[in-house]
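>>> Whatever this is, show me its structure:
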Amino acid sequence: MGSREDEADAKRVLAGEISSFEGIVRRWQTPLVNLAYRFCRDRGRAEELAQEALVKAYRGLSSWRQEAAFSTWLFALATNHYRSAHRPAPSWLVSLDSIPELAGTENCADEVLQDRGRQEAVRAAVVALPAKYRDALTLYYFHEMDVSSASQSLGVAEGTLKARLLRGRRLLRSKLARGTAGLRVEEA
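Okay, here's the model as predicted:
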(Lines give C-alpha, C1' and ligand atoms only; values in the text may rest on other atoms or scores of the structure.)
Protein backbone atom coordinates (compact mmCIF):
# COMPACT_ATOMS: atom_id res chain seq x y z
CA MET A 1 0.00 0.00 0.00
CA GLY A 2 1.08 3.56 -0.54
CA SER A 3 3.51 4.71 2.11
CA ARG A 4 3.85 8.08 0.37
CA GLU A 5 0.08 8.47 0.39
CA ASP A 6 -0.01 7.60 4.09
CA GLU A 7 2.72 10.11 4.86
CA ALA A 8 1.03 12.85 2.84
CA ASP A 9 -2.38 12.18 4.42
CA ALA A 10 -0.86 12.09 7.91
CA LYS A 11 0.87 15.43 7.38
CA ARG A 12 -2.37 17.01 6.14
CA VAL A 13 -4.33 15.64 9.12
CA LEU A 14 -1.72 16.96 11.54
CA ALA A 15 -1.91 20.33 9.78
CA GLY A 16 -5.66 20.44 10.50
CA GLU A 17 -7.12 18.94 7.34
CA ILE A 18 -9.09 16.24 9.14
CA SER A 19 -10.81 14.96 5.99
CA SER A 20 -7.46 13.59 4.78
CA PHE A 21 -7.76 10.79 7.32
CA GLU A 22 -10.38 9.31 5.01
CA GLY A 23 -7.61 8.17 2.64
CA ILE A 24 -5.92 6.30 5.49
CA VAL A 25 -9.21 4.67 6.43
CA ARG A 26 -9.88 3.62 2.82
CA ARG A 27 -6.43 2.04 2.47
CA TRP A 28 -6.23 0.33 5.85
CA GLN A 29 -9.77 -0.52 6.99
CA THR A 30 -9.94 -3.94 5.30
CA PRO A 31 -6.45 -5.07 6.39
CA LEU A 32 -7.24 -3.98 9.96
CA VAL A 33 -10.55 -5.86 9.95
CA ASN A 34 -8.76 -8.94 8.63
CA LEU A 35 -6.12 -8.67 11.34
CA ALA A 36 -8.77 -8.24 14.04
CA TYR A 37 -10.66 -11.25 12.69
CA ARG A 38 -7.56 -13.38 13.24
CA PHE A 39 -7.70 -12.39 16.89
CA CYS A 40 -11.42 -12.75 17.63
CA ARG A 41 -12.87 -14.91 14.79
CA ASP A 42 -16.07 -12.84 14.77
CA ARG A 43 -16.65 -10.56 11.77
CA GLY A 44 -18.83 -8.03 13.59
CA ARG A 45 -16.43 -7.78 16.52
CA ALA A 46 -13.49 -7.52 14.08
CA GLU A 47 -15.13 -4.54 12.38
CA GLU A 48 -15.67 -2.86 15.76
CA LEU A 49 -12.07 -3.50 16.81
CA ALA A 50 -10.76 -2.13 13.51
CA GLN A 51 -12.88 0.99 13.87
CA GLU A 52 -11.59 1.47 17.41
CA ALA A 53 -8.01 1.02 16.18
CA LEU A 54 -8.54 3.64 13.48
CA VAL A 55 -9.90 6.08 16.08
CA LYS A 56 -6.81 5.40 18.22
CA ALA A 57 -4.62 5.95 15.17
CA TYR A 58 -6.33 9.26 14.45
CA ARG A 59 -5.94 10.43 18.03
CA GLY A 60 -2.35 9.22 18.24
CA LEU A 61 -1.19 10.22 14.78
CA SER A 62 1.28 12.71 16.19
CA SER A 63 3.07 9.82 17.94
CA TRP A 64 3.98 8.20 14.61
CA ARG A 65 7.71 8.66 14.21
CA GLN A 66 8.38 8.49 10.53
CA GLU A 67 11.45 6.30 11.02
CA ALA A 68 9.17 3.27 10.62
CA ALA A 69 6.65 2.70 7.86
CA PHE A 70 3.17 3.97 8.61
CA SER A 71 1.81 0.45 8.15
CA THR A 72 4.19 -0.90 10.80
CA TRP A 73 3.10 1.79 13.26
CA LEU A 74 -0.58 1.24 12.46
CA PHE A 75 -0.37 -2.56 12.75
CA ALA A 76 1.52 -2.28 16.05
CA LEU A 77 -1.13 0.07 17.41
CA ALA A 78 -3.94 -2.20 16.17
CA THR A 79 -2.28 -5.39 17.42
CA ASN A 80 -1.83 -3.90 20.88
CA HIS A 81 -5.44 -2.73 20.88
CA TYR A 82 -6.76 -6.11 19.76
CA ARG A 83 -4.71 -7.90 22.39
CA SER A 84 -5.84 -5.63 25.19
CA ALA A 85 -9.50 -5.40 24.15
CA HIS A 86 -11.64 -7.00 26.80
CA ARG A 87 -13.38 -9.98 25.33
CA PRO A 88 -14.38 -13.24 26.96
CA ALA A 89 -12.75 -16.37 25.58
CA PRO A 90 -15.00 -17.56 22.74
CA SER A 91 -16.63 -20.92 23.22
CA TRP A 92 -15.12 -22.22 19.96
CA LEU A 93 -11.58 -22.16 21.32
CA VAL A 94 -10.26 -25.67 21.65
CA SER A 95 -7.19 -27.18 23.15
CA LEU A 96 -4.51 -28.50 20.79
CA ASP A 97 -5.12 -31.97 22.22
CA SER A 98 -8.77 -31.99 21.17
CA ILE A 99 -8.09 -31.48 17.44
CA PRO A 100 -8.62 -34.79 15.64
CA GLU A 101 -5.88 -36.07 13.39
CA LEU A 102 -6.79 -36.03 9.71
CA ALA A 103 -6.71 -39.28 7.76
CA GLY A 104 -5.15 -39.53 4.28
CA THR A 105 -7.41 -40.25 1.29
CA GLU A 106 -6.90 -41.41 -2.27
CA ASN A 107 -9.51 -39.89 -4.60
CA CYS A 108 -9.80 -36.28 -5.74
CA ALA A 109 -13.09 -35.42 -4.00
CA ASP A 110 -11.70 -36.75 -0.77
CA GLU A 111 -8.55 -34.68 -1.29
CA VAL A 112 -10.63 -31.50 -1.53
CA LEU A 113 -12.40 -32.42 1.71
CA GLN A 114 -9.06 -33.31 3.26
CA ASP A 115 -7.64 -29.91 2.26
CA ARG A 116 -10.62 -28.17 3.87
CA GLY A 117 -10.27 -30.30 6.96
CA ARG A 118 -6.55 -29.59 7.07
CA GLN A 119 -7.15 -25.85 6.78
CA GLU A 120 -9.74 -25.94 9.55
CA ALA A 121 -7.45 -28.04 11.75
CA VAL A 122 -4.57 -25.62 11.19
CA ARG A 123 -6.79 -22.61 11.93
CA ALA A 124 -8.10 -24.24 15.09
CA ALA A 125 -4.58 -25.19 16.14
CA VAL A 126 -3.26 -21.65 15.57
CA VAL A 127 -6.14 -20.15 17.54
CA ALA A 128 -5.46 -22.61 20.38
CA LEU A 129 -1.80 -21.60 20.66
CA PRO A 130 -0.66 -19.39 23.52
CA ALA A 131 -1.09 -15.73 22.52
CA LYS A 132 2.61 -14.97 22.03
CA TYR A 133 2.94 -17.75 19.43
CA ARG A 134 -0.45 -17.13 17.84
CA ASP A 135 0.26 -13.40 17.40
CA ALA A 136 3.67 -14.05 15.86
CA LEU A 137 2.34 -16.66 13.42
CA THR A 138 -0.69 -14.53 12.53
CA LEU A 139 1.36 -11.48 11.59
CA TYR A 140 4.13 -13.39 9.82
CA TYR A 141 2.07 -15.92 7.85
CA PHE A 142 -1.46 -14.60 7.54
CA HIS A 143 -0.54 -10.94 7.13
CA GLU A 144 2.75 -11.70 5.37
CA MET A 145 4.77 -9.27 7.46
CA ASP A 146 8.53 -9.69 7.41
CA VAL A 147 10.37 -10.45 10.65
CA SER A 148 11.33 -6.82 11.20
CA SER A 149 7.79 -5.46 10.76
CA ALA A 150 6.16 -8.22 12.81
CA SER A 151 8.64 -7.78 15.65
CA GLN A 152 8.01 -4.02 15.67
CA SER A 153 4.25 -4.58 15.63
CA LEU A 154 4.50 -6.87 18.63
CA GLY A 155 7.07 -4.72 20.40
CA VAL A 156 9.64 -7.51 20.70
CA ALA A 157 13.17 -8.01 19.41
CA GLU A 158 13.60 -9.77 16.07
CA GLY A 159 15.33 -12.67 17.81
CA THR A 160 12.36 -13.04 20.15
CA LEU A 161 9.96 -13.07 17.22
CA LYS A 162 12.04 -15.71 15.42
CA ALA A 163 12.05 -17.85 18.56
CA ARG A 164 8.28 -17.51 18.87
CA LEU A 165 7.80 -18.42 15.23
CA LEU A 166 10.03 -21.46 15.66
CA ARG A 167 8.26 -22.61 18.83
CA GLY A 168 4.82 -21.92 17.35
CA ARG A 169 5.64 -23.95 14.23
CA ARG A 170 6.94 -26.80 16.38
CA LEU A 171 3.74 -26.83 18.41
CA LEU A 172 1.67 -26.90 15.22
CA ARG A 173 3.81 -29.59 13.60
CA SER A 174 3.71 -31.85 16.63
CA LYS A 175 -0.09 -31.83 16.67
CA LEU A 176 -0.76 -31.82 12.94
CA ALA A 177 2.10 -34.02 11.66
CA ARG A 178 0.01 -37.05 10.75
CA GLY A 179 -2.90 -35.30 9.06
CA THR A 180 -0.96 -32.57 7.32
CA ALA A 181 2.01 -34.45 5.89
CA GLY A 182 1.83 -32.26 2.78
CA LEU A 183 1.71 -28.99 4.74
CA ARG A 184 4.95 -27.01 4.63
CA VAL A 185 5.53 -24.31 7.16
CA GLU A 186 8.53 -22.27 6.04
CA GLU A 187 11.26 -21.23 8.42
CA ALA A 188 11.66 -17.51 9.10
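>>> Okay, helices next: where are they in the protein?
3-14, 21-40, 43-59, 70-84, 108-128, 131-137, 147-154, 158-176 (DSSP state H).
>>> And these, which one averages the lowest pLDDT?
Mean pLDDT is lowest for helix 108-128 among these, at a mean of 68.
>>> Next up, phi/psi of Arg65, please.
Backbone torsions of Arg65, given as degrees, to the nearest 10, read phi -90, psi 120.
>>> For the remainder of this discussion, apply numbering that starts at 4.
Got it, first residue is 4 now, which makes that one Arg68.
>>> Gln155 versus that one, what's the distance?
As judged by Cβ to Cβ, to the nearest Å, Arg68 and Gln155 stand 11 Å apart. Where C-beta positions appear, they are placed from N, C-alpha and C, glycine not excepted.
>>> So between the two, which is more surrounded?
Under the criterion of other Cβ atoms under 10 Å, the comparison of Arg68 against Gln155 puts Gln155 first, with 22 against 7.
>>> what about the more buried one, distance to Ala128?
Distance of Gln155 to Ala128, given as Cβ to Cβ: 26 Å.
>>> repeat for Trp67
Separation of Trp67 from Ala128 (Cβ to Cβ): 35 Å.
>>> between these two, which one's more packed in?
Per other Cβ under 10 Å, whichever of Trp67 and Ala128 has more neighbours is Ala128, with 23 against 19.
>>> Quick check: chain neighbours aside, which residue is closest to Leu157?
Distance criterion Cβ to Cβ, 6 or more residues apart in numbering; nearest residue to Leu157, sequence neighbours excluded, is Asp138 at 5.9 Å.
>>> With Ala53 instead?
On the basis of Cβ to Cβ, 6+ apart, the spatially nearest residue to Ala53 that is not a chain neighbour turns out to be Leu35, at 3.9 Å.
>>> these two touch, right, that neighbour and Ala56?
Yes: shown here, Leu35 and Ala56 form a contact pair, counting by Cβ atoms under 8 Å, at 5.6 Å.
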